[in-house]
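>>> Got a predicted structure plus its sequence, pasted below:
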There are 2 protein chains.
Amino acid sequence: MSESAQEIRPYRPVTPRIVAEIEALCGEEHVLSGDSKAAARYAHDQVSEARYAHAPELVVKPATAREVAGIMALATREVVPVTPRGAGSGLSGGAVPIHGGICLSLERMSRIVEIDAKNRIAVVEPGVVTNELDGATLPHGLFFAGYPMSEEFCFVGGNVAENAGGGRAVKYGVTGRYVVGAEVVLPTGEILDLGGKRAKDASGYDLLRLLVGSEGTLAIFTKVFLQLLPRPLHRSTTAVFFRDPRSALEAVPDIVSAGGQLPSAVEYIDRYSLVETCSALGESLPLGDALAMLLLEVDGASESAVALHAEAVREACRVRGALSVLRADAPGEAERLWRIRKRIPWALRRAAATQTVEDVVVPVSALPELLDEVGRLERTYDTRIPCFGHAGDGNIHARPQKGAAWTAEEWDVRLGKLLTELYAAAARLGGTISGEHGIGHKRKPYLPLVMEEAQIALMRRIKRAFDPANILNPGKIFD
Amino acid sequence: MSESAQEIRPYRPVTPRIVAEIEALCGEEHVLSGDSKAAARYAHDQVSEARYAHAPELVVKPATAREVAGIMALATREVVPVTPRGAGSGLSGGAVPIHGGICLSLERMSRIVEIDAKNRIAVVEPGVVTNELDGATLPHGLFFAGYPMSEEFCFVGGNVAENAGGGRAVKYGVTGRYVVGAEVVLPTGEILDLGGKRAKDASGYDLLRLLVGSEGTLAIFTKVFLQLLPRPLHRSTTAVFFRDPRSALEAVPDIVSAGGQLPSAVEYIDRYSLVETCSALGESLPLGDALAMLLLEVDGASESAVALHAEAVREACRVRGALSVLRADAPGEAERLWRIRKRIPWALRRAAATQTVEDVVVPVSALPELLDEVGRLERTYDTRIPCFGHAGDGNIHARPQKGAAWTAEEWDVRLGKLLTELYAAAARLGGTISGEHGIGHKRKPYLPLVMEEAQIALMRRIKRAFDPANILNPGKIFD
């Protein structure tokens, strides 16, 4: 795919003159040649399939918005593509420079500029690791509630660009809810200040929310203002085992309403994912005959209210026919359960050499049907599709694995058909192909399955309004 | 303003042929001639100044998205401006047809299509009155948390178009947070389905959030999907009196963090607004020497947790030097306090024949300075500026009143200068000119005070991407 894209691409190469200009702008030591050994890791993100990778011609690591603006003005003038990059923790190829050109890495812009406790606002540069921000907010009794599961390594800038979600979105929503301001650089090199430390804004179009989740195709975030919340003092975690996926997922709407308030997490994990992860970690769970588990958490400021809420959640599970309910009250038990949940992607990568990470989202009530459909696809395509994810949001990570008996070519053909059926099922159930990982170039061919042409055409016109030369992360989301 | 706009307008008149076509589309009985008596109320919204009013040439009340699409396709073809209208409860002139043309009233599209309790989603047409929706969600133990203060008469469609906020935004955010899907009609007549009953979506640009708050200039909402929350079972309301505005507003950051969770309301009211409102309603409050009051509310699922939270909030007020703290525990007392709060706009309209309703928003920590600035403006311009509003969000409704001694011309000149200074102060403090009422045409001349030209230019390009003929609500937000 990337090769044919290269053949027809309208872009100019990164000439020695352009390299020199960028070196003068950002400092020679912050520029890597694309064919250097150090540049290799900028050719891919966390998408493991090699065909989605592509090397940049140049990697540059600017330190300021002004440097980013200089690079963008140059790129627009020279018609050279620029692909912005955070931690490279993306799962749809958003940070892959599929047309070559410049990889603009924001890793050096990693300052926590300010924690403003009075206004409950963090001002950060895009290269801040999410967990660092968590550490910085802790002493103030605050936290950034929109964080994703990859908080140990993902950058805030990438979270914002992808509108990333995480394990607590059922109560707290995803990244975008907390973005109240930003400094951004447009593809043409202008620096804009959007929003700020104000909690509300009804002055003009909500450009901020348009940019959040636009996958680095409309502008580059160089500073982000995040609204923080009071950090909940109490939490209660429960693991609940169910006979099968359907009975687990049918319980979710009742769990989400139990006790008249939202739980902070409703995570679903199937038996295969649990067994593989426990085995890889040397952990164990009292699975019994259960084919599915829900990992549930409630949180709040009052210990007694949290206990009441947790009991209401457990009772909803019992009424719904749970096989067993495991209260994680013992010291370290909740952390142990969450560690198992978080290491699933790693364990599943070990379990199969070739697989693909999916991210479909449907209405919560449609989850049982979605998993039925996954079961049907497993049988039709004779493949294993482990599933886990954010059941409280209707967002499931299905990971079709290549069977050992197939050739790479057979897998490609089968996978294309399988994904087409999976996505069509998601659309039929009122869902779509990505809940939090984005489209990138990995899912781009499938977007028309879930989106009308008029809407894609409108997105193209918006892209043009921001990026007339089409040089900022071209070829992502749509062609 | 509207007259000069009319002189240079590029639009064609609504000819008898166009009237006939619209009558054929929607039914003769749903079309009003603009010079009919019944059409007079479509010439203005809740902005009281006559100069912001302008009559449409035609009022049409479509019943379906298909009819709306037919009108828009016709309007684009004939280059006739269309101004969508909800309840006319707006406060920035968003629904005023300043270029004449067609007023497209959504009052007949007033169906609550569905309350989907399992997914916690309400599907409604734009003409549903906000309080009706509240009534429909009540039996399910759910509620729409983004509602504004005008819930007795405002339409959901207008709330969405303006991204309206209300008295509980400090905890629950504003309308946009809850809009997870919509059917919209583009200016060119296409019908698009955006989002749906899914809680999350990372598939393409967030067009939904771009349209929310775009003041009816980019598309017309014909159906809205709103995420509902579990309805809190317990509430505790407190009125707290302070020596002066500064001491009340300096307490707000501590109140918002008290007890480690967000209160549901932190409303500010100055003495003049309280006295006028109590007098108009025949109510009384133990004001003493207080020049300012905060109306505080906490809510939640657990009675004991709410009581603890309320006590933490009251303690924060005491530590901050409150003169007195009035617990609204007696039956009906909380309702009485909220009624006083809600009737302030009505009481202030009675108190002065000519005034303007402002909506500046600043970081919460900057509220004391903002109110100092208002005091300075009162003295400089020899005018009274009552203030009240959503202190927890930094959003204050200042209402400069015309002094009896001034001519209308003097008032116009003074007001223009006063607003320029007020808005400049808001910008200097990190705020902007509207937190929830929007720009409309009323604040349009002032937008460049708080927004860079590059940002306004970008909004214009986005407008063009949606509305190439510039026929949907032209002349709002920017020229």
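Happy to help now that I have it. Residues are numbered from 1 along each chain as shown, chains lettered A, B, ... in the order given.

>>> C-terminal to the longest helix along chain A, what's the next element?
Longest helix in chain A, counting residues (DSSP state H): helix A:408-428. Using DSSP states H and E, the helix or strand that follows helix A:408-428 in sequence is helix A:447-450.

>>> Which strands or helices does the longest helix of chain A pack on?
Counting contacts by 3 or more Cβ pairs under 8 Å, 6 or more residues apart in numbering or on different chains; DSSP states H and E, helix A:408-428 is packed against helix A:367-380, helix A:447-450. All C-beta atoms are positioned from the backbone trio N, CA, C, and that covers glycine.

>>> hmm, the last one touching chain B?
This means helix A:447-450. Yes. Using Cβ under 8 Å from any Cβ of the partner chain, we find that helix A:447-450 touches chain B at A:447, A:450.

>>> Nearest spatial neighbour of A:Leu208, chain-adjacent residues omitted?
A:Leu194 (4.6 Å; Cβ to Cβ, 6 or more residues apart in numbering or on different chains).

>>> Kindly apply the preceding question to A:Val313 instead.
Closest to A:Val313 by Cβ to Cβ, 6+ apart is A:Ala258, at 4.7 Å.

>>> how many neighbours does that neighbour have?
Applying other Cβ atoms under 10 Å in any protein chain shown, we find 25 other residues in the vicinity of A:Ala258.

>>> domains in chain A, as residue ranges please.
A:16-107+A:455-466, A:112-230, A:234-342, A:352-438 (automatic domain parsing).

>>> Could I get the average pLDDT for the third one?
Domain A:234-342 shows a mean pLDDT of 97.

>>> Now do that domain: distance to the chain's middle.
23 Å (Cα atoms, centre = their mean, to the nearest Å).

>>> what's the span of that domain, first residue to last?
21 Å (Cα to Cα, to the nearest Å).

>>> what does the shortest one give?
With Cα to Cα as the measure, domain A:352-438 spans 23 Å from end to end.

>>> Dump the helices and strands packed on helix A:408-428 into a markdown table; add distance to A:Asn119 and mean neighbour count as well.
Formatted as a markdown table, those follow (distance: least, Cβ to Cβ, whole Å; neighbours: other Cβ atoms under 10 Å in any protein chain shown):
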| stretch | distance to A:Asn119 | mean neighbour count |
| --- | --- | --- |
| helix A:367-380 | 38 | 18 |
| helix A:447-450 | 38 | 18 |
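
>>> Nearest to B:Tyr147, out of these?
Shortest distance between B:Tyr147 and these, using Cβ to Cβ, is found for helix A:367-380: 29.1 Å.

>>> Show me what the helix or strand just after that closest one is in contact with.
Going down the chain from helix A:367-380, the next helix or strand is strand A:387-390, by DSSP H and E. Applying Cβ atoms under 8 Å, 6 or more residues apart in numbering or on different chains, the contact partners of strand A:387-390 are A:165-167, A:169-170, A:245, A:266-270, A:273, A:341, A:344, A:371, A:374, A:395-399, A:435-436, B:200.

>>> Centre of the chain to strand A:387-390, how far?
The answer for strand A:387-390 is 13 Å, by Cα atoms, centre = their mean.

>>> now do stretch A:365-376
22 Å.

>>> what about that stretch, average pLDDT?
98.

>>> how about it against chain B, any contact?
Yes. Stretch A:365-376 comes into contact with chain B (Cβ under 8 Å from any Cβ), by way of A:Ser365.

>>> can I get the domains of chain A in a markdown table with distance to B:Tyr423?
Compiled in a markdown table, the domains of chain A are given as follows (distance: least, Cβ to Cβ, whole Å):
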| stretch | distance to B:Tyr423 |
| --- | --- |
| domain A:16-107+A:455-466 | 26 |
| domain A:112-230 | 10 |
| domain A:234-342 | 38 |
| domain A:352-438 | 38 |
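
>>> contacting residues around A:Phe478?
Residues near A:Phe478 by Cβ under 8 Å, 6+ apart: A:439, A:444, A:447, A:456, A:459-460, A:463, B:204.

>>> which of these count as buried?
Buried members of the contacts of A:Phe478, counted by 16 or more other Cβ atoms under 10 Å in any protein chain shown: A:439, A:444, A:447, A:456, A:459, A:463, B:204.

>>> thinking again about what came up before, which among the domains of chain A is found nearest to B:Ala292?
That would be domain A:112-230 among the domains of chain A, by Cβ to Cβ, at 18.9 Å.

>>> Report the distance from the closest one to the chain centre.
14 Å.

>>> And for stretch A:378-386?
25 Å.

>>> just stretch A:412-427 next, same as before
21 Å.

>>> which parts of that stretch are buried?
A:414-415, A:418-419, A:421-423, A:425-427.

>>> what does that stretch rub up against?
With contacts defined as Cβ under 8 Å, 6+ apart, stretch A:412-427 is touched by A:356, A:358, A:360-362, A:369-370, A:373-374, A:377, A:380-381, A:383, A:398, A:400, A:402, A:406, A:432-433, A:446, A:449-450.

>>> same thing with stretch A:457-468?
Counting by Cβ under 8 Å, 6+ apart, residues outside stretch A:457-468 touching it are A:76, A:186-188, A:210, A:217-219, A:470, A:472, A:477-478, B:186, B:192, B:204-205, B:207, B:210, B:458, B:461-462, B:464-466.

>>> give me that answer again for 6 Å
Outside stretch A:457-468, the residues within contact range by Cβ atoms under 6 Å, 6 or more residues apart in numbering or on different chains are A:187, A:218, B:204-205, B:461-462, B:465.

>>> Render the CA-only coordinates of it in CSV, please.
Presented in CSV, the C-alpha positions along stretch A:457-468 are these (Å, rounded to 0.1, in the frame of the first residue of the first chain):
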residue,chain,number,x,y,z
ALA,A,457,-16.6,14.5,1.5
LEU,A,458,-17.3,17.1,4.2
MET,A,459,-14.2,15.9,6.2
ARG,A,460,-12.1,16.4,3.0
ARG,A,461,-13.4,19.9,2.6
ILE,A,462,-12.5,20.6,6.3
LYS,A,463,-9.1,19.1,5.7
ARG,A,464,-8.6,21.5,2.8
ALA,A,465,-9.7,24.5,4.9
PHE,A,466,-6.8,23.7,7.3
ASP,A,467,-4.2,22.3,5.0
PRO,A,468,-4.5,23.6,1.4
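
>>> same question for that stretch, mean pLDDT?
pLDDT averaged over stretch A:457-468 gives 98.

>>> rewinding a little: angle of the longest helix of chain A against helix A:367-380?
Inter-element angle recorded for helix A:408-428 and helix A:367-380: 160 degrees (by axes from the mean of the first three to the mean of the last three Cα atoms, to 10 degrees).

>>> Run a quick neighbour tally on A:Arg339.
Around A:Arg339 there are 13 residues (other Cβ under 10 Å).

>>> Check the gap between the closest residue to it other than its chain neighbours and chain B for me.
Leaving aside its chain neighbours, A:Arg339 sits nearest to A:Leu281 (7.3 Å; criterion: Cβ to Cβ, 6+ apart). Distance of A:Leu281 to chain B, given as Cβ to the nearest Cβ, to the nearest Å: 28 Å.

>>> how about the residues of the stretch 201-350 of chain A near chain B?
Residues of the stretch 201-350 of chain A lying close to chain B by Cβ under 6 Å from any Cβ of the partner chain are A:201-206, A:209-210, A:213-214, A:230, A:233, A:253, A:257, A:259-261, A:301-302, A:305, A:308.

>>> run the last query once more with 8 Å
Counting by Cβ under 8 Å from any Cβ, the stretch 201-350 of chain A sits next to chain B at A:201-207, A:209-210, A:212-214, A:218, A:229-233, A:253, A:256-257, A:259-262, A:300-302, A:304-305, A:308-309.

>>> ok so, going back, so what's the residue nearest to A:Leu208 up against?
Contact analysis of A:Leu194 by Cβ under 8 Å, 6+ apart lists A:181-184, A:207-208, A:211, B:455.

>>> and it, helix, strand or coil?
Under DSSP: H, G, I helix; E, B strand; the rest coil, A:Leu194 falls in the strand class.
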